[in-house]
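# The following block contains a protein sequence and its predicted model.
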Amino acid sequence: MKNKPSTLGEFIIENQNQFRYSEGELSRLLNSIKLAAKVVNHEVNKAGLVDILGSAGETNVQGETQQKLDVYANEVFMRTLKDRHIVCGVASEEEDDFVAINKDDGGNDHKYVVLMDPLDGSSNIDVNVSVGTIFSIFRRISPVGSLATKEDFLQKGRNQVAAGYVVYGTSTMLVYTTGYGVNGFTLNPALGTWYLSHPDMKFPSMGKIYSINEGNYVHFPKGVKKYIKYCQEEKDDRPYTSRYIGSLVSDFHRNMIKGGIYIYPITTASPNGKLRLLYECNPMAFLAEQAGGKASDGYQPILDIEPSELHQRVPFFVGSAEMVTKAESFMKKYS
């Protein structure tokens, strides 16, 4: 008889000793994220039945229109992380500044900070397309017992102790790493339990999918334009297939399973890139490298970039290692 699949809770406990600092705090933090994800998933799945669709009528710190589900997901994750007394600070794409959790709320004595994009691709929710949550966890560098500082959040991606995403799609999956490979868990909605469904996930070294918003082609740098033409050539194992959902979590998840590259380059309208280094690129880069893939800004590894601000934007190339390396060669040749 086949063994039953591990639940996420069992998997976290079984692998707790892999953590460099094994006091159980990181395990409790991951458990709180899975709880918040279940709450958000419940709301996403009834989005057409309740007043949760459309714009909230506000803009976030980046000047982007907030969707109602953006606000809801941010509140759920913020409240869960603060109320369970397991982190000293949280930074969110939807907040102007980081939130330091004070002593009265049990924050000073905790060792981790969380950065998150509570609902990636939320503009897709009105048309029933997959969206997701992205999270990144660092060990604080400020002294335990003091309030968290901005420096706790402005760390290189290499310092991450855990990162992951939740994709709310035809099934809901939580995919994460603590630096020992990547594992995916699927939610059984009848039981409210996450089961290990995708152990030791790996990017194929090569793929046949490229994911980029080709509507912005005229605004791309020359290296990206040349790489797109390379992907479209009828030569060797090409042309590749163009697949772009517009939700980073969904595009990344598909490419990790099937093999491919996702590109969000600089444009004339976004000269620094559009994706956020701390909330989107760092966690996805950590996952990519742990799954045998590669992540770059076109010239250097994403995880080696020294952050200078909370909402810093960068260009992003991520996916199958050979495809990212080839794209980098075009960037360097036509820089």
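Thanks, I have the structure now.

# use CA for all of it now, contacts and neighbours both
Fine.

# Which of the helices or strands spans the nearest residue to residue 163 once chain neighbours are set aside?
Using CA to CA, 6 or more residues apart in numbering and skipping residues adjacent in sequence, the residue nearest residue 163 is residue 136, 4.3 Å away. Element membership for residue 136, per DSSP states H and E: strand 131-139.

# for residue 30, same thing?
For residue 30, the host element (DSSP H and E) is helix 25-44.

# Can you show me the CA trace of that helix as PDB?
What follows is helix 25-44, C-alpha atoms only, in PDB (Å, rounded to 0.1, in the frame of the first residue of the first chain):
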ATOM      1  CA  GLU A  25      10.000  30.000  15.300                       C
ATOM      2  CA  LEU A  26      10.400  29.700  11.500                       C
ATOM      3  CA  SER A  27       8.100  26.600  11.500                       C
ATOM      4  CA  ARG A  28       5.400  28.600  13.300                       C
ATOM      5  CA  LEU A  29       5.900  31.500  10.800                       C
ATOM      6  CA  LEU A  30       5.400  29.100   7.800                       C
ATOM      7  CA  ASN A  31       2.300  27.700   9.500                       C
ATOM      8  CA  SER A  32       0.800  31.200   9.900                       C
ATOM      9  CA  ILE A  33       1.400  31.900   6.200                       C
ATOM     10  CA  LYS A  34      -0.400  28.700   5.200                       C
ATOM     11  CA  LEU A  35      -3.300  29.700   7.400                       C
ATOM     12  CA  ALA A  36      -3.600  33.200   5.900                       C
ATOM     13  CA  ALA A  37      -3.400  31.600   2.400                       C
ATOM     14  CA  LYS A  38      -6.400  29.400   3.200                       C
ATOM     15  CA  VAL A  39      -8.400  32.500   4.300                       C
ATOM     16  CA  VAL A  40      -7.500  34.400   1.100                       C
ATOM     17  CA  ASN A  41      -8.200  31.400  -1.100                       C
ATOM     18  CA  HIS A  42     -11.700  31.100   0.400                       C
ATOM     19  CA  GLU A  43     -12.400  34.700  -0.600                       C
ATOM     20  CA  VAL A  44     -10.800  34.400  -4.000                       C
END
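
# what helices or strands is that helix leaning on?
Here helix 25-44 touches helix 8-14, helix 68-83, strand 160-168, going by 3 or more CA pairs under 8 Å, 6 or more residues apart in numbering; DSSP states H and E.

# Buried residues, the last one. List them.
For strand 160-168, the neighbour count (16 or more other CA atoms under 10 Å) marks 160-168 as buried.

# cool, the longest one as well?
The neighbour-count criterion (16+ other CA under 10 Å) identifies 68-78, 80-82 as the buried residues of helix 68-83.

# now the shortest one
Buried positions in helix 8-14, judged by neighbour count with 16+ other CA under 10 Å: 8-9, 11-12.

# could these go into TSV alongside distance to residue 97?
Output for the buried residues of helix 8-14, formatted as TSV (distance: CA to CA, whole Å):
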residue	distance to residue 97
8	31
9	32
11	34
12	30
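
# show me the contacts for the residue nearest to residue 163.
Listed by CA atoms under 8 Å, 6 or more residues apart in numbering, the contact set of residue 136 reads 114-116, 160, 162-164, 278-279, 282-283.

# 7 Å instead, please
Counting by CA atoms under 7 Å, 6 or more residues apart in numbering, residue 136 makes contact with 114-116, 160, 162-164, 283.

# go on, residue 147?
Shown in contact with residue 147 (CA under 7 Å, 6+ apart): 100, 102, 108.

# for the stretch 1-150 of the chain, which spans come out with low pLDDT?
Applying pLDDT under 70 to the stretch 1-150 of the chain flags residues 1-4, 19-23, 46-67, 103-107.
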